[in-house]
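>>> Structure, please.
(one chain, ligands or ions: 1)
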Amino acid sequence: MGLDLYAKVEPYLDFEEEIYTLHREFLRFVMTKDLDNIIDIGCGQGYFLENLKVNKKKYFGIDLSAEQIKVCQEKNLNAKAIDLKDVKEKFDCATAIFDVLNYIPKKDLKAFILTTNIVLNQGAYFIFDVNSYFGFDEVAQGCITIDLEDRFIAIDANFEDNKLQTDITLFEKQKNGLFSKQSDSIIQEYHTKEFLIKLLEDTGFEIKEIKEFNLHTDETADKLIFICKKIA
Ligand SMILES: C[S@@+](CC[C@H](N)C(=O)[O-])C[C@H]1O[C@@H](n2cnc3c(N)ncnc32)[C@H](O)[C@@H]1O
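Residues are numbered from 1 along each chain as shown. As a prediction, the model looks like this:
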């Protein structure tokens, strides 16, 4: 999947305000509950890790994209490009922010949540957000192009059969003045609230709250935020 290409174009997508708004919601929870020792799964370029670091929290970030982790390491953040299965430490909170769980195919989601449970201490929190159907169908779909002096980015996202396929093309100017071209796709899956509730309950989590969240729109909620606690 094109996670590394996504990492290369992400800084140009103008998402800063949305990322800030969503991270503020997660950070508020961490601070209110006085949580520490946090693993951020799918930490991307480490924006949430920076918040944790500023607030003197013990943290660790992981991401499947080596490109994303390169950016974290350039910022001196504690992050590694490893699979959740290979994490050996235990944490008192896990976060997965900005639709990370939508990147996990339906068939692999139970194993992913179970592995999250394994890296948590008893009573630890697991907090994540997913896109609602409205978020996929009405917000995420569409095309954009970004035309800069040294690069050109084209993104085309289509939502069909509960899957969002985002095709990314990046043209980058080389030293010789010619442009190189890279193309790849990422797939995100819509997971219903009921499916997530069942998986979480089956894997030892108690659901404390499911919040509807309006990130990109004032109309219907485009995200759901799940707050869960490890009880088994
Ligand atoms: C939309 S970005 C969000 C990044 C970050 N959480 C934030 O809020 O800025 C989703 C991230 O999830 C990562 N990702 C996707 N599947 C993953 C998996 N199975 N394990 C770890 N990271 C994953 C991607 O590489 C990408 O960096």
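
>>> Residue of this protein closest to the ligand, please.
Per CB to the nearest ligand atom, residue 44 is where the chain lies closest to the ligand, at 2.5 Å. C-beta: built from backbone N, CA, C; applies to glycine.

>>> Helix, strand, or coil at that residue?
The three-state label given to residue 44 by DSSP: H, G, I helix; E, B strand; the rest coil is coil.

>>> I'd like to know how many residues surround the residue lying closest to it once chain neighbours are set aside.
Distances taken as CB to CB, 6 or more residues apart in numbering put residue 68 closest to residue 44, at 5.1 Å, once the chain neighbours are dropped. Residue 68 has 25 neighbouring residues, counting by other CB atoms under 10 Å.

>>> Tell me if I'm right that residue 68 and residue 3 touch.
Yes - counting by CB atoms under 8 Å, residue 3 is a contact partner of residue 68 at 7.4 Å.

>>> Can you tell me how far the spatially most central residue of the chain is from residue 231?
By CA atoms, centre = their mean, the chain has its centre lying nearest to residue 100, at 3.2 Å. Noted for residue 100: a distance of 22 Å to residue 231, by CB to CB, to the nearest Å.

>>> which ones are touching the residue of the chain closest to the ligand?
Listed by CB atoms under 8 Å, 6 or more residues apart in numbering, the contact set of residue 44 reads 7, 10, 63, 65, 68, 98.

>>> which residues does the first one contact?
Taking CB under 8 Å, 6+ apart as the contact definition, residue 7 lies against 44, 45, 65, 67, 68, 71.

>>> go with 6 Å
By CB atoms under 6 Å, 6 or more residues apart in numbering, residue 7 lies in contact with 65, 67, 68.

>>> now the residues you listed as a markdown table including pLDDT, distance to residue 172 and secondary structure?
A markdown table is the format used below for those (pLDDT from 0 to 100; distance: CB to CB, whole Å; DSSP: H, G, I helix; E, B strand; the rest coil):
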| residue | pLDDT | distance to residue 172 | secondary structure |
| --- | --- | --- | --- |
| 65 | 97 | 18 | coil |
| 67 | 96 | 13 | helix |
| 68 | 97 | 18 | helix |
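
>>> In three-state terms, how would the most far-flung residue of the chain relative to its centre be classified?
Centroid-distance maximum for the chain: residue 176 at 35.9 Å, with CA atoms, centre = their mean. Residue 176 carries the three-state label coil when classified by three-state DSSP.

>>> repeat for residue 220
coil.

>>> my hunch is that residue 39 is in a helix, does that hold up?
No - assignment of residue 39 by three-state DSSP gives strand, placing it outside any helix.

>>> Skipping adjacent residues, who's closest to it in space?
Per CB to CB, 6+ apart, closest to residue 39 is residue 91, 4.4 Å.

>>> Just the strands from the protein, written as ranges.
Ranges of strands within the chain are 38-41, 59-62, 79-80, 91-96, 120-131, 142-147, 151-160, 163-173, 179-189, 205-213, 223-230, based on DSSP state E.

>>> Let me see the contact set for residue 129.
Per CB under 6 Å, 6+ apart, neighbours of residue 129: 223, 225.

>>> With the one 10 residues further on instead?
Contacts for residue 139 (CB under 6 Å, 6+ apart) come out as 216, 222.

>>> Pull up the gap between it and residue 54, please.
In terms of CB to CB, residue 139 sits 30 Å off from residue 54.

>>> Next, count neighbours for residue 206.
For residue 206, the count of nearby residues is 12 (other CB under 10 Å).

>>> Look at it and report its pLDDT.
What the model reports for residue 206 is a pLDDT of 98.

>>> same deal with residue 217?
For residue 217, pLDDT reads 84.
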